[in-house]
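> quick one: sequence plus predicted model below, questions after.
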Amino acid sequence: MNNRRKSIYFSVLVFIIILILSIVLVNKSFQNSIYQKKSLIKSEFNLIDQYGRAVTNETFNGNFTLIFFGFTFCPDVCPNTLNKLATTYDLLDAEVKENLKVIFITVDPERDNFNIMNEYISAFNPEFIGLTGSKRRIQEAADSMGIYFKKNATNESGEEYLIDHSSIKFLMDKKGNYLAHFSRELTAQELSQKISQKIGNSK
């Protein structure tokens, strides 16, 4: 093999090695980026439950939590989601239920006081927990989990309104750290299986 051909082969080999290393590094960087984003999600809150009691995220330490944000005047997404969560909860094994708290946090504290939250959340499952609080506390809770919400007036006076909000459900570990999130598309059966799997793998 002459020197010119050796040089070509060597150049091709170097190029392939560099390409492989680049792919590996890009993938690693992407995975690190995802991990960093997830690690920023924390369930941090200082709110009031549906019985008027002050609670914080530390109140639920030692339990897994499934957290969903919404509001009681929500016309479809929130009641549909809570219905699905109620069915999902019923499908879980007793051991999983014992270690899981389902928490609904309002993004409409102006209308959703704890009495309204109690009446609303108990209609889906009396074991579920409804949380409300001041505007500032609700915003802090939403920010800690990367939840978006925005009030949209439905009349000129602004007295009637709906709220656009993220509909993701977050599963947090026993210390309030991110474990998984679930979209609206999952069925109750699929959701119960994923929750059970995640909790089982985290023990």
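On my side now, so go ahead. In this text, all values refer to a predicted model and were calculated from it rather than measured experimentally. Residues are numbered from 1 along each chain as shown.
> for this structure, give me the ranges with low pLDDT.
Along the chain, the model assigns pLDDT under 70 to residues 1-40, 156-158, 203.
> got the contact list for the spatially most central residue of it?
By CA atoms, centre = their mean, the chain has its centre lying nearest to F170, at 2.3 Å. F170 is in contact with I41, S43, T65, L66, I67, F68, M145, Y178, A180, H181, counting by CB atoms under 8 Å, 6 or more residues apart in numbering. Heads up, the C-betas are built off the backbone N, CA and C, glycines and all.
> let me know the helix or strand that it is in.
Using DSSP states H and E, the element containing F170 is strand 169-172.
> tell me where this protein has strands.
46-49, 54-56, 64-70, 100-106, 129-132, 149-153, 161-165, 169-172, 178-182 (DSSP state E).
> which residues does the last one contact?
Residues lying outside strand 178-182 but in contact with it, judged by CB under 8 Å, 6+ apart, are 38-39, 41-42, 64, 168-173, 191, 194-195, 198, 202.
> give the pairing partners of the strand holding F170; include direction for each.
strand 64-70 (antiparallel), strand 178-182 (antiparallel) (DSSP bridges).
> just the CA atoms of it, as CSV, please.
Provided in CSV are the C-alpha atoms of strand 169-172 (Å, rounded to 0.1, in the frame of the first residue of the first chain):
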residue,chain,number,x,y,z
LYS,A,169,-49.3,15.6,36.3
PHE,A,170,-46.1,15.3,38.3
LEU,A,171,-45.0,12.3,40.3
MET,A,172,-42.6,13.3,43.1
